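A.B. asks: here is my input, please return the structure:
(4 chains)
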Amino acid sequence: MIDITDIKLSNAQIAWRAAQDIEDGAYVNLGIGFPEMVARFQPEGKQAIFHTENGVLDFGKAPAPGDEDWDLINAGKKAITLKPGTSFFHHADSFAMVRGGHLDLAVLGAYQVAQNGDLANWSTGKGDIPAVGGAMDLVQSAKRIAVLTDHVTKKGDPKLVATCTMPLTGVGCVTRVYSSLAVIDIENGHFVLREKVTGLSMDDLQSLTGAPLHTDGDVFDLTCPEELA
Amino acid sequence: MIDITDIKLSNAQIAWRAAQDIEDGAYVNLGIGFPEMVARFQPEGKQAIFHTENGVLDFGKAPAPGDEDWDLINAGKKAITLKPGTSFFHHADSFAMVRGGHLDLAVLGAYQVAQNGDLANWSTGKGDIPAVGGAMDLVQSAKRIAVLTDHVTKKGDPKLVATCTMPLTGVGCVTRVYSSLAVIDIENGHFVLREKVTGLSMDDLQSLTGAPLHTDGDVFDLTCPEELA
Amino acid sequence: MDKTIQTPAEAVAAIPDGATVMIGGFGGSGAPIELIHALIDHGAKHLTVVNNNAGNGHVGLAALIEQGQVDRLICSFPRSADPSVFVERYKAGKIALEIVPQGTLAERIRAGGAGIPAFYTPTAFGTEVAEGKPIAEFDGRSYVQERWLKADVALIKGELGDAHGNMTYRMAARNFNPLMATAATTTIAQVSQIVPLGGIDPEHVITPGIFVTHVVEVANAAQEEELNRSEAVYP
Amino acid sequence: MDKTIQTPAEAVAAIPDGATVMIGGFGGSGAPIELIHALIDHGAKHLTVVNNNAGNGHVGLAALIEQGQVDRLICSFPRSADPSVFVERYKAGKIALEIVPQGTLAERIRAGGAGIPAFYTPTAFGTEVAEGKPIAEFDGRSYVQERWLKADVALIKGELGDAHGNMTYRMAARNFNPLMATAATTTIAQVSQIVPLGGIDPEHVITPGIFVTHVVEVANAAQEEELNRSEAVYP
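C.D. replies: All right, here's what the predicted structure looks like:
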């Protein structure tokens, strides 16, 4: 197996890369945990508007410790802040935004992503207590579904697979994967490689991927700020 | 045919009689036109709360001429007023109140009411331009559906019938009829006579009614304030 | 991001022939008269219009119909103090009419905005309005299946608006406006006043900006009822 | 008409064993802690509870579960900082769990309040959560049929309330509360302050009084997050 320790991106770098693609004024939902990090890296002049399932739109970043108001939280139950333009609404209206296709982008983590866009990210299927939250709603309805993920599991198994073996969160829903090694679109049932980290050959990347990597035009270098490594 | 000119109730008297049955705190929708008159005759100490389809709850009576605000109207497009307790909401929430069974009572007019509770009140079926408004929603969902009506048509034909011949507004929905001659409940597919105007025999009332009148206990005199005649 | 636009004319300029256009309001209250009149000036034809009513007098929706721009109307109640414009065209076979019970109309629009392709309602069961629609029984009662309603464009009227499209409404002028905002590809809102971002309390926002594409300020907007009392005609 | 009631204990006194109880809140925000604790004191058992989560620590919903009063939980996300009470009872087979995607949970509750017995959603199509549910195709896409959710009682938390039951909420503490208010036979609301009738601007009412049965003032209501940070245990 190829040692990717030195070339793979940090989570911060993956989040940074994903943030570069978000248009000014895009309505975006960031999943709990790692995806929330995307908000930190919005490019100058591109202001996304963030939605959280529990009924807040256009909110600000986390407050300073000690300044939390626990009635002002995000879906991860972390404290957030108001900013000019914030609005509150109930859960049915919040998911009307989701299900009605009003979000431009949802960013989630993954256990597995299949080449047809199937996503498994809610249950390992090993008898853990099921907990789905809002993920199944988000993945079927946002205009674009981006996944942030390590390219392989801790054991080195591909997370980008031919067919998901873990319980599905949604079918055919993922549009782009930002992995620790590559940026990959999902088009017509195929993984289409757009960018890969420098120092990794095509063959090596393919060997770490569970389904064929297609190309469609140039494959660019995936470069991220060094200070985030 | 019996001449009922001198014994039949006026519309105001019918509305008065209907108003006497409304409990304090009941949520009530009054149909456009004649049923709106019910609001005038609420008994002392019994304060109903009125709902209008276009998104106002707990509103007050008509403003003085010249004081109208045309953003503050009822479903009949007549001006209403605010009172302490008023709230505004959109049309989907308004009909969630209706369809969800939150109204205690809806009061409507009728072309025909059948003994099984079917109501025809939206179309004569004679090629007029159809216009249904909120009636079909109201009649299927309010807890009680009261009809205010003349007992017979202008031609003298019964409006309380065995089976409606005009296009239906709702099936099996009417619970009580306040007619110009009687108060009649609809129970188990039958007209059950509760009150009739004095000076009208049972046989005469039956002859003006298109289906058998049942009784279940006493039939009381239907008396209304003379000054409303 | 700035969703404000300078004039009603600019706001409606991209509406194509054949578009489905939801128009807010219940009778005259909440009717976006200036946007409708701009649409008349713009001239888009063969429109399908969704509104609760069918216009009154010779302004607003009635004027749009009178100009021959509307091929089809989806509404609950095509009556008004003066429905003559609609009645005439309807009787002449020049405009198609789909009658929808008012609560079903509201819920179909909400469903369109909320990504619910179909739902069941007790409304209209057993009536001719339900003819041809699927019927299903739940817990022993029969219900009618109704489909979502979406539009290419919604023309709505609010009270306050900001550059992100957050909006409030004025009293009963709210009615269908917030629903239609959610159900159209492009939602164009006229508001009495554009306020700075943050000028609307987050607790008081009725339509969050995500549902709004363009906001145009129309101070002292016309009230359909007043126009009709003065026997106004547009254009 | 006066819907105000003096204490949480009186407000919950009529809740019977076996009731289905919706409890508002998302995690701790909007959770009606005092009403839940009154329900613990009241002692009703064999409850089915509908909540987004499954409790945190040893207060509020977690405490209700810990007391063995909940036989069944319908929720989207039974995880929290400290879900140990639920986890233990679940693994011991003492509490049944129905997992519902969060948006579907919200919409099922809204449907219960709005008289919609069933609706279709794209959510969960093709997943094990949709197994056994009717599937239908609309416009070439497959959807899952979901049923309404109703309750005997809703326990909710608001900010302002009046004697007619009109209510507002505080920031993200709104969440499921206004929906649950509509879907229960009896809705019991605790509010931070009861104001005179007319004390809430008609434009700012979020829950109109028609949906509320009882209102009880709980000034300085406990915040679940703060209780858990101080390692509180109830009772």
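
A.B. asks: show the pLDDT at residue A:123.
C.D. replies: Reading off the per-residue confidence, residue A:123 sits at a pLDDT of 89.

A.B. asks: doesn't residue A:166 make contact with it?
C.D. replies: Yes. The pair residue A:123 / residue A:166 is scored as a contact, 6.9 Å apart, by CB atoms under 8 Å. Any C-beta I mention is one placed from the backbone N, CA and C, and that applies to glycine too.

A.B. asks: so the two - more neighbours on which side?
C.D. replies: Each of residue A:123 and residue A:166 has its neighbours counted (other CB atoms under 10 Å in any protein chain shown); residue A:123 has more, 21 against 18.

A.B. asks: ignoring the adjacent residues along the chain, who's closest to that one?
C.D. replies: Leaving aside its sequence neighbours, residue A:123 sits nearest to residue A:167 (CB to CB, 6 or more residues apart in numbering or on different chains; 4.5 Å).

A.B. asks: cool, and residue A:194?
C.D. replies: Setting aside the residues directly before and after it, residue A:194 is nearest to residue A:183 in space (CB to CB, 6+ apart), at 4.6 Å.

A.B. asks: do the same with residue C:207
C.D. replies: Excluding its sequence neighbours, the residue lying closest to residue C:207 (CB to CB, 6+ apart) is residue C:167, at 4.1 Å.

A.B. asks: give me phi/psi at that neighbour?
C.D. replies: Torsion angles at residue C:167 (phi, psi; degrees, to the nearest 10) stand at phi -140, psi 150.

A.B. asks: can you tell me how far it is from chain D?
C.D. replies: When CB to the nearest CB, to the nearest Å is the yardstick, residue C:167 and chain D sit 12 Å from each other.

A.B. asks: how about the contacts made by the residue located most distally from the centre of chain C?
C.D. replies: Outermost residue of chain C with respect to the C-alpha centroid, by CA atoms, centre = their mean, is residue C:140; its distance is 35.5 Å. For residue C:140, no contacting residues are found, by CB atoms under 8 Å, 6 or more residues apart in numbering or on different chains.

A.B. asks: please name the bridge partners of the residue nearest to residue A:194.
C.D. replies: When assigned by DSSP bridges, residue A:183 has beta-bridge partners residue A:178, residue A:195.

A.B. asks: so it sits against residue A:222, correct?
C.D. replies: Yes. The criterion here is CB under 8 Å, and residue A:183 meets it with residue A:222 at 5.8 Å.

A.B. asks: which residues do these two both contact?
C.D. replies: Common neighbours of residue A:183 and residue A:222 are listed as A:17, A:195, A:196 (criterion: CB under 8 Å, 6+ apart).

A.B. asks: closest one of those to chain C?
C.D. replies: residue A:17 (22.7 Å; CB to the nearest CB).

A.B. asks: spell out which parts of chain A neighbour chain D.
C.D. replies: For chain A, the residues in contact with chain D (CB under 8 Å from any CB of the partner chain) are A:52-56, A:69-73, A:75, A:77, A:88-92, A:94-95, A:98-99, A:118, A:129-137, A:140-141, A:167-171.

A.B. asks: in stretch C:62-71, what's buried?
C.D. replies: C:62, C:63, C:64, C:65, C:66, C:67, C:69, C:70 (16 or more other CB atoms under 10 Å in any protein chain shown).

A.B. asks: ok, and what's touching it?
C.D. replies: For stretch C:62-71, using CB under 8 Å, 6+ apart, the contacting residues are C:36-37, C:39-40, C:43-49, C:54-56, C:58, C:73, C:80, C:82-83, C:85-86, C:89, C:94-96, C:233-235.

A.B. asks: also stretch C:167-175?
C.D. replies: Under the criterion CB under 8 Å, 6+ apart, external residues in contact with stretch C:167-175 comprise B:52, B:54-56, B:69, B:71-73, B:88-91, C:24-26, C:29-30, C:52, C:157-161, C:177-178, C:181, C:189, C:191-192, C:200, C:204-207, C:209, C:212, C:215, D:202-203.

A.B. asks: now intersect the residues you listed with the helices, please.
C.D. replies: When DSSP state H defines the helices, the subset of the contacts of stretch C:167-175 inside them is B:91, C:177, C:178, C:181.
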